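Trainee: Generate a structure from the sequence data that follows.
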Amino acid sequence: MTRQFVIVKADVSVDWSGADPNYRVYVNNELFAERTWVWREQYLEEFLQIWAGPGKYELRWELVPPACGTIEVKNVRIAEGPLNSR
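Mentor: Below is the predicted model of the structure:
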């Protein structure tokens, strides 16, 4: 299977209290990234660079316990990649 390069963008925001929370991004249940959220009342445009075979992939964002808050992901889109992956 031929791999293809795709950039996925998503708008991520976290409403939290206490210590800076960590969040994780999974691609098909595989840990892809872990980051610390340090912003207040802002969102982050997340870029995921994926090199994989064509197909559908499940993307999931979640806060890492013991984080106190909620994570919201909007506007997930293909920013770069073959037309057939859009």
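
Trainee: Could you look up the SS state of the residue nearest to residue 44 when sequence neighbours are not counted?
Mentor: Leaving aside its sequence neighbours, residue 44 sits nearest to residue 12 (CB to CB, 6 or more residues apart in numbering; 4.9 Å). Placement of C-beta: from N, CA and C, glycine included. Secondary structure, DSSP: H, G, I helix; E, B strand; the rest coil: residue 12 is strand.

Trainee: So in terms of bridging, what pairs with residue 12?
Mentor: On the basis of DSSP bridges, residue 12 is bridged to residue 44, residue 73.

Trainee: I figured it was touching residue 73, is that so?
Mentor: Yes. Using CB atoms under 8 Å, residue 12 is in contact with residue 73, at 5.4 Å.

Trainee: neighbour count winner among those two?
Mentor: Taking neighbours as other CB atoms under 10 Å, residue 12 and residue 73 compare with residue 12 leading, 21 against 18.

Trainee: Please name the residues that touch that one.
Mentor: Contacts for residue 12 (CB atoms under 8 Å, 6 or more residues apart in numbering) come out as 23, 43, 44, 45, 46, 61, 71, 72, 73.

Trainee: from those, which single one is nearest residue 4?
Mentor: Residue 4 has its nearest neighbour among these in residue 46, at 19.7 Å by CB to CB.

Trainee: roughly how far apart are the closest one and residue 2?
Mentor: 26 Å (CB to CB, to the nearest Å).

Trainee: Show me which of those two is the more surrounded one.
Mentor: The neighbour count for residue 46 versus residue 2, taken as other CB under 10 Å, is higher for residue 46 (18 against 5).

Trainee: Pull the contacting residues for the more buried one.
Mentor: Residue 46 touches 9, 10, 11, 12, 25, 73, counting by CB under 8 Å, 6+ apart.

Trainee: Mind jotting down where the strands sit in this structure?
Mentor: Assigned by DSSP state E, the strands in the chain fall at 4-17, 22-27, 30-36, 44-52, 59-63, 68-80.
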